[in-house]
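Trainee: no sequence on this one, just coordinates:
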């Protein structure tokens, strides 16, 4: 906690080298602490989300809560969705963060998100942007195949099917073809 708290500070957002470095170190420290899956750390992450005066800090906290958010995970994601529901680019980030989660129930949650009224397959640029959610193989090195999020494997296959999509949409692979 000492590194996180040392970088936390109460200074207003500044785009300066030192401030950027502090935010980066703070978010990295919080990310490591979130791996402990401890309620005190979850509370700290939720506080960062609520108190953030910039999108970098909010997205960092939201991203960490997508994986390990504790009891208030769903509430934090609902608050973010409500706040940004009219901004398609920010909402795309919200969809992406949830699809990148390594939680066991991610695949089921992604299936629900596919039915979300703000999720669109009809805009090729947005589908291609979502395709970026699949990490490069170098990001998979630290995970075994068993722990790789189902959504990553699914997105790799599903979004690949959308590469040549027409205005009418695309065909997703059948659930039986999804590997975990």
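Mentor: Right, received. Where do you want to start? Since the model is a prediction, treat every value here as computed from it, not as a measurement.

Trainee: need the strands for the chain, in chain order.
Mentor: With DSSP state E, there are no strands along the chain.

Trainee: all helices for it, in order.
Mentor: Per DSSP state H, the chain carries helices over the ranges 2-8, 17-34, 39-51, 55-68, 73-84, 88-99, 106-114, 124-131, 137-140, 150-161.

Trainee: Out of these, which one sits most buried?
Mentor: helix 55-68 (a mean of 20; mean count of other C-beta atoms under 10 Å). For the C-beta atoms, the positions are set from N, CA and C on the backbone; glycine is no exception.

Trainee: what packs against that one?
Mentor: helix 17-34, helix 39-51, helix 73-84, helix 88-99 (3 or more C-beta pairs under 8 Å, 6 or more residues apart in numbering; DSSP states H and E).

Trainee: elements contacting the first one?
Mentor: I take that to be helix 17-34. Applying 3+ C-beta pairs under 8 Å, 6+ apart, one finds that helix 17-34 makes contact with helix 2-8, helix 39-51, helix 55-68.

Trainee: got TSV for those, with distance to residue 103 and mean pLDDT too?
Mentor: TSV is the format used below for the helices and strands packed on helix 17-34 (distance: least, C-beta to C-beta, whole Å; pLDDT from 0 to 100):
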stretch	distance to residue 103	mean pLDDT
helix 2-8	23	75
helix 39-51	14	91
helix 55-68	6	90
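
Trainee: can you list those in CSV and add distance to residue 114?
Mentor: As requested, the helices and strands packed on helix 17-34 are exported to CSV (distance: least, C-beta to C-beta, whole Å):
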stretch, distance to residue 114
helix 2-8, 35
helix 39-51, 25
helix 55-68, 17
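
Trainee: Not counting sequence-adjacent ones, nearest residue to residue 54?
Mentor: Computed as C-beta to C-beta, 6 or more residues apart in numbering, the closest residue to residue 54 that is not its neighbour in sequence is residue 13, at 4.4 Å.

Trainee: Local confidence estimate at that neighbour?
Mentor: In the prediction, the pLDDT value recorded for residue 13 is 84.

Trainee: From residue 114, how far out is it?
Mentor: Residue 13 sits 35 Å away from residue 114, going by C-beta to C-beta, to the nearest Å.
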